[in-house]
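> Need the 3D shape of this:
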Amino acid sequence: MTLKIHIAEGAAPYEQVRAQISEQARSGVLPVGYKLPTVRGLAESLGLAANTVAKAYRALEADGVIETRGRNGTFVAAAGDAASREAATAAQAYAERARRLGLTESAALDAVRDALRAVYGG
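Modelled structure (predicted):
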């Protein structure tokens, strides 16, 4: 695992750690089951405070990218499965809400497309 923190960059160091680990897990550079360094170990190697790395790990765990197995350590989770399940749950909730609001299927899909374009810049 290779991480580079750019202090001069606008993103907070914890966000840089979070984004880089997330991208490496998503791309397969960090395979499912890969054991991550301890919070203290990674903080020391990056020259960051342990709380900064701990914040990144908490965010990654909340996103389903990593999982902590108690004293055994922290590992890359099967993020694709977790992300797909969470997206399906969110889509179901949106569909139900759109129907309650009286939107047609076409109007609901248009709203989703607009939101995706805004987020993905398309």
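> mind checking the SS state of the residue lying farthest from the centre of the chain?
For the chain, the C-alpha farthest from the mean C-alpha position belongs to G102; by Cα atoms, centre = their mean, that distance is 32.6 Å. Look at G102: counting by DSSP: H, G, I helix; E, B strand; the rest coil, its state is coil.
> backbone phi and psi for it, please?
When read as degrees, to the nearest 10, the backbone of G102 gives phi 80, psi 20.
> same deal with T68?
In terms of degrees, to the nearest 10, the main-chain angles of T68 are phi -100, psi 130.
> give me the beta-bridge partners of it?
Beta-bridge partners of T68, counted by DSSP bridges, are T74.
> Just the pLDDT at it, thanks.
pLDDT for T68: 91.
> how close does it sit to F75?
8 Å (Cβ to Cβ, to the nearest Å). Just so you know, the C-beta spots here come from the backbone N, C-alpha and C atoms, and that holds for glycine as well.
> can you check A115 too?
Applying Cβ to Cβ to A115 and F75 gives a distance of 32 Å.
> Pick out whichever of these two has more residues nearby.
Legend: neighbour count by other Cβ atoms under 10 Å for A115 and F75, higher for F75 (15 against 11).
> Figure out how far stretch 7-25 is from the centre of its chain.
Stretch 7-25 has its C-alpha centroid displaced from the chain centroid by 11 Å (Cα atoms, centre = their mean, to the nearest Å).
> List the buried residues for that stretch?
Neighbour counts over stretch 7-25 (16 or more other Cβ atoms under 10 Å) mark P13, Y14, Q16, V17, R18, Q20, I21, S22, Q24, A25 as buried.
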